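Asker: Here is my input, please return the structure:
(2 chains, ligands or ions: 2)
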Amino acid sequence: MTENNKRLMQGNEACVEGAIAAGMRFFAGYPITPSTEIAEISAAKLPRIGGKFIQMEDEIASISAIIGASLTGVKAMTATSGPGFSLKQEGIGYAIMAEVPCVIVNVQRGGPSTGLPTSPAQGDIMQARWGTHGEHSIIALYPSTVKEIFDTTIRAFNLSEKYRTPVILLMDEVIAHMREAVDLPDISEIKIYNRKKPSVGPEEYKPYKVLKGNIVPEMANIGEGYRYHVTGLIHDESGAPTNDNRIAEELVLRLVNKIENNLDDIVYYEKYELDDAEEAIVAFGATARSAKSAIDTLRAKGRRIGMFRPITIWPSPKKQLTELAKKVKRIMVVEMNMGQYLLEVERIAGKYTEVLGYGRVNGELVTPKEIVRFVEEG
Amino acid sequence: MGNNLIEKYYRTERLPHIWCPGCGNGIVLRAIVKAIDNLGLNKDDICVVSGIGCSSRATGYLDFNTVHTTHGRALAFATGIKLANPNLHVIVITGDGDCAAIGGNHLIHAARRNIDITTVVFNNNIYGMTGGQYSPTTPTGDKGTTAPYGNIDPNFDLCELAKSAGATYVSRSTVYGANMITKQVEEGIKNKGFSFIEALTICPTYYGRKNKKGDAPEMINQLKEMTINVDAYYKLPQEKREGRIVIGELYRVQREEYIEKYNRLINSF
Ligand SMILES: Cc1ncc(C[n+]2csc(CCOP(=O)(O)OP(=O)(O)O)c2C)c(N)n1
Ligand code: SF4
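Answerer: Numbers count the residues shown, from 1 in each chain, chains lettered A, B, ... in the order given. Ligands and ions are numbered 1, 2, ... in the order given. The predicted model follows:
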C-alpha cells in the first residue's frame, strides 16, 4: 500500500469504488436520498470502463434489470433507500429463488413511508431479513466506516457470487455522506470471487443441480451455448417448474442451508475490548462508532465493558453471540430503531444472560454520552 | 413442417403444456417460433423473457435461453439482459395484464428508450391465469369475474400506447391469421429498436365462457369478423370504421437504438 492510494472519500463513493474493484460492470437504479450519489458516481464511472449504467423507471425495474444483467454473467448492483427498498423486495425474492448473484445497497433513512428522507435510521434490519415473502435466508452486511464500506462492498459481491444469492448492503446515512481518508488497497491485493461456470458441456448441464464438492449449482451465462430455463417458480434440477412437494421442500431447504450451513465463511464481525469484559454492547454501523467512544469513556472510569459489532448482521452470528452471552453479565443492544436486532440477540443470548435494548427513532444519532448514561443507569 | 418446428425448438420433454384445450396461446407461440426459424437464427443467440400469466408460461417450453420472470417485469429483466449482452436477440412474451396493467410503465419506458427488444403481447382480453378477471384490454361492458355487471373501464389500445411511447415498429395480428403473426415477429426482430406486436388471441375458458362467445373455433371466427387489414381500413369511409380493429403493420419509424447510443458514449472515452 502506498501513500498515493490514500484518498478522502465519501461513503457512497467508497461503495462504488468497492463495487468496481469487485468487478461490477452494470448498475441500474432509481434516485433516492440518501443513496443517490451511488447512482450518480456509477453513471460517471461505468461507461469509462466499458460498463453500463441505466436509470430505470422505478426500483422494481432496477432490480429486475440487474438480475437480467447478472444472468448474462455481468456483475451487477443497485442502490436505494427506505421506500425503494420496499419495492426491491419482489426482485430480491426472485434472485433468491433463481439463484442470481447481485448486490442491493440500502442506505437507510427514517420511516415508515417517506419518513425522514435525510436523517439516519436503522429501521430496516427486519425488512432486510424478512422483507421478501416466503421462507428464505439472506446475507446482509453492515459496514461502519468509509473504508469498511469499500471492503464490505467487495465482500458483498464475493459472497453473492460464491453462494449465488442476492446480498444486501445496509448502510447508515451518516456514513454514506461522511468523508474519511481511505487507503485503497492495490487491485492485486484484493481477493475476488467469481461464480463457478459449468464444468460439464451443455448436453450434461443441469442448471440447478449441485455437483459434488460444490456449494451451489454451477452457473452458465445466457448466450454461451447452455440454453436453460430460469424461473421464480419452484423448479427441479433442470429448471422446469414443478408442484412436486418433495422437490419444493428440497429446493427451499437447499436455498436456506447453503447460507445457514456456512456461517463461518459468511459471518464477519469485530470484537472491541471484549477480552476482560463483564458487560457488552452490541451495535452496528454508525451506532457502533458512538458505542466505541462510550466504551472508552466507561473504561477510563474503570468499567469492564466491550462491544461485539456484527458486520454480517444476517445470517446472525449465532456462535459468537452465544459465546459472548455465556461470558458477560449483560448485553446491551444499541440501535436507531425500537429494538429490531434486540429481538434477534434476545433469541440467541436471552437464555444465558440479561439482554437490554436502547433505541431511538427521531432521526438523530445515538450519542456516546447517551450510551454512557444508559450503561451507568440502565 | 409443424412437427419439425416442435422437435427443433421446443423442449419436448416439458410437453404437454398447461394450456386449456382451445386456448390460442399455442398458435401464437408456434407463429413466433416459425419466425425465428424463417430468419435462421442460432438458438444460442436467442433469449426469450416472459412475465407471469398463462401466456408467459410459454418460455418454459422453448429450447432457447429462457427467463420466466415476475408479474409485469419481463421488459425490465429483458432490458438488463439486452444491455449487458447486446449480441442476444431478446424477445419478450407477455399477456395483456402483464404488459399493460402491472407492467404498463415498463412498456412505456422500454418503448421510449427504443431498446432493441421484440415484444409480443398475447392479448386475450382477460386475466387467464388467475381465473378470468377483467384486464386493461377487456372491452367496456364485457364481463369478468371481477366485473360481474360488466366492465366500466375503457379498454386500452396497446398499439397506440406503444407508438406514442416511442416504439419504432408496431403491428397487430390475430390467431385467425397466424402467418401474419409470424411475418410481424420477423419484422420485429429485424427492426433495430423496440418492436411491439399485439397478437389477438382467445381464452375460451374464461373470457369466452363469461361472455358467451362460444367455443374456440367460433371465437377465432369472431376475431376474423372484428378485424380489418390496415390498407382496407383506410379505404373505408369514416362512418364505417367504427368498432373495427385494425391489423397489419401500423407504424414504423427510424430512430437510433438505445444501446447503439450507449456504445457511442463508451467509445467516446
Ligand atoms: C405481483 C403479482 N400480482 C398478482 C399476481 C397474480 N397473477 C398471476 S397471472 C395474473 C394475470 C395474468 O393475466 P395476463 O397477463 O393477461 O396473462 P394471461 O394469463 O391471460 O395469459 C395475475 C394477476 C402475481 N403473480 N404477481
Ligand atoms: S385460462 Fe384461458 S388463457 Fe389460460 S390456458 Fe386456459 S384458455 Fe388459455
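
Asker: Next, the buried residues of the host helix or strand of A:Leu253.
Answerer: Element membership of A:Leu253, judged by DSSP states H and E, is helix A:245-260. Neighbour-count burial for helix A:245-260, with 16 or more other CB atoms under 10 Å in any protein chain shown as criterion, is recorded at A:251-252, A:254-256, A:258-259. Yep, even glycine has a C-beta here, placed from its N, CA and C like the rest.

Asker: got it, and stretch A:278-297?
Answerer: Within stretch A:278-297, the residues that qualify as buried by neighbour count (16+ other CB under 10 Å) are A:279-292, A:294-295, A:297.

Asker: Which ones among those residues map onto helices?
Answerer: Using DSSP state H, the members of these that fall in helices are A:285-292, A:294-295, A:297.

Asker: Dihedrals phi and psi, the residue in chain B that chain A sits nearest to?
Answerer: The shortest separation between chain B and chain A is 2.9 Å, found at B:Gly80 (distances taken as CB to the nearest CB). Dihedral angles phi and psi of B:Gly80 (degrees, to the nearest 10) take the values phi -60, psi -40.

Asker: For it, give me its contacts.
Answerer: Under the criterion of CB atoms under 8 Å, 6 or more residues apart in numbering or on different chains, the neighbours of B:Gly80 are A:26, A:28, A:54, A:64-71, A:76.

Asker: quick one: it from ligand 1, how far?
Answerer: From B:Gly80 across to ligand 1, the span is 19 Å (CB to the nearest ligand atom, to the nearest Å).

Asker: Spatially nearest residue to that residue, not counting backbone neighbours?
Answerer: Taking CB to CB, 6 or more residues apart in numbering or on different chains as the measure, B:Gly80 lies nearest to A:Gly68, with 2.9 Å between them; neighbours along the chain are not counted.

Asker: next one: A:Gly239
Answerer: Nearest non-adjacent residue to A:Gly239, counting by CB to CB, 6+ apart: A:His229, 4.0 Å away.

Asker: what residues does the strand or helix carrying A:Glu370 touch?
Answerer: In this assignment (DSSP H and E), A:Glu370 forms part of helix A:368-377. The set of residues external to helix A:368-377 that reach it, using CB under 8 Å, 6+ apart, is A:279, A:281, A:290-291, A:293-294, A:297-298, A:303, A:305, A:332, A:334, A:358.

Asker: Could you check how many residues crowd around B:Thr227?
Answerer: Neighbouring residues of B:Thr227 were enumerated by other CB atoms under 10 Å in any protein chain shown; the total is 20.

Asker: swap in A:Lys191?
Answerer: For A:Lys191, the neighbour count with other CB under 10 Å is 9.

Asker: give me phi/psi at the closest residue to it other than its chain neighbours?
Answerer: Nearest-residue entry for A:Lys191: A:Asn158, 7.1 Å, with adjacent residues in sequence omitted and distances by CB to CB, 6+ apart. Recorded main-chain torsions at A:Asn158 are phi -60, psi -50, according to degrees, to the nearest 10.

Asker: and A:Asn158, what pLDDT?
Answerer: According to the per-residue confidence, A:Asn158 scores 98 in pLDDT.

Asker: Just the element for A:Val107, please.
Answerer: Counting by DSSP H and E, A:Val107 is found in strand A:102-108.

Asker: hmm, that strand touching chain B?
Answerer: No: using CB under 8 Å from any CB of the partner chain, strand A:102-108 stays clear of chain B, with a minimum separation of 9.9 Å.

Asker: Also stretch A:161-172?
Answerer: No: Stretch A:161-172 lies apart from chain B when judged by CB under 8 Å from any CB; the minimum separation is 13.7 Å.

Asker: Out of the contacts of B:Gly80, flag the one nearest to ligand 2.
Answerer: Within those, distances to ligand 2 taken as CB to the nearest ligand atom reach their minimum at A:Ser64, with 23.8 Å.

Asker: Excluding covalently adjacent residues, which one is nearest to the closest one?
Answerer: Once its chain neighbours are removed from consideration, A:Ser64 has its nearest residue in B:Ala76; the separation is 3.6 Å (CB to CB, 6+ apart).

Asker: TSV please, covering the ones in helices among the buried residues of stretch A:278-297 and showing pLDDT and distance to ligand 2.
Answerer: Rendered in TSV, the data for these read as follows (pLDDT from 0 to 100; distance: CB to the nearest ligand atom, whole Å):
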residue	pLDDT	distance to ligand 2
A:Gly285	98	48
A:Ala286	98	52
A:Thr287	98	52
A:Ala288	98	53
A:Arg289	98	56
A:Ser290	98	57
A:Ala291	98	57
A:Lys292	98	60
A:Ala294	98	62
A:Ile295	98	63
A:Thr297	98	67
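
Asker: Quick check: buried residues in the worst-scoring helix or strand of chain B on mean pLDDT?
Answerer: Across the helices and strands of chain B, the lowest-confidence element by mean pLDDT, DSSP states H and E is helix B:2-9, at a mean of 87. Buried residues in helix B:2-9, counting neighbours by 16+ other CB under 10 Å, are found at B:Tyr9.

Asker: Give me the contact list for the next helix or strand after it.
Answerer: If you walk from helix B:2-9 toward the C-terminus, the next helix or strand you reach (DSSP H and E) is helix B:25-39. Contacts made with helix B:25-39 from outside it, assessed by CB under 8 Å, 6+ apart, are listed as B:2, B:5, B:8-10, B:17, B:19, B:46, B:54-55, B:58, B:61-62, B:91, B:93, B:120, B:122, B:124, B:175, B:178-179, B:181-186, B:189-190, B:199, B:201.

Asker: filter these to the buried ones?
Answerer: Those of the contacts of helix B:25-39 that meet the buried threshold are B:9-10, B:17, B:19, B:46, B:54-55, B:58, B:61-62, B:91, B:93, B:120, B:122, B:124, B:175, B:178, B:181-186, B:189, B:199, B:201, by 16+ other CB under 10 Å.

Asker: Among those residues, which lie within helices?
Answerer: Assignment to helices by DSSP H places the following of these there: B:9, B:178, B:181-186, B:189.

Asker: Show the backbone phi and psi for A:Ala156.
Answerer: Backbone phi and psi, for A:Ala156 under degrees, to the nearest 10, turn out to be phi -60, psi -50.

Asker: Now for it: which residues touch it?
Answerer: Residues near A:Ala156 by CB under 8 Å, 6+ apart: A:22, A:103, A:139, A:141, A:167-169.

Asker: swap in B:Ala58?
Answerer: The contact partners of B:Ala58, taken as CB under 8 Å, 6+ apart, are B:25, B:29, B:48, B:50, B:93, B:122.

Asker: per-residue pLDDT, the nearest residue to the fourth one once chain neighbours are set aside?
Answerer: In this case it means B:Ser50. Setting aside the residues directly before and after it, B:Ser50 is nearest to B:Ser56 in space (CB to CB, 6+ apart), at 3.7 Å. Listed pLDDT for B:Ser56 reads 98.

Asker: pLDDT value on the nearest residue to A:Ser293 once chain neighbours are set aside, please?
Answerer: Here the nearest residue to A:Ser293 in space, its sequence neighbours aside, is A:Pro368; by CB to CB, 6+ apart that works out to 3.9 Å. In the predicted model, A:Pro368 carries a pLDDT score of 98.

Asker: Roughly how far does A:Pro368 sit from ligand 1?
Answerer: If you go by CB to the nearest ligand atom, the gap between A:Pro368 and ligand 1 works out to 45 Å.

Asker: What segments of the stretch 1-150 of chain A are strands?
Answerer: For the stretch 1-150 of chain A, strands defined by DSSP state E, counting those that start in this stretch occupy the ranges A:6-10, A:24-29, A:52-55, A:75-80, A:102-108, A:139-141.
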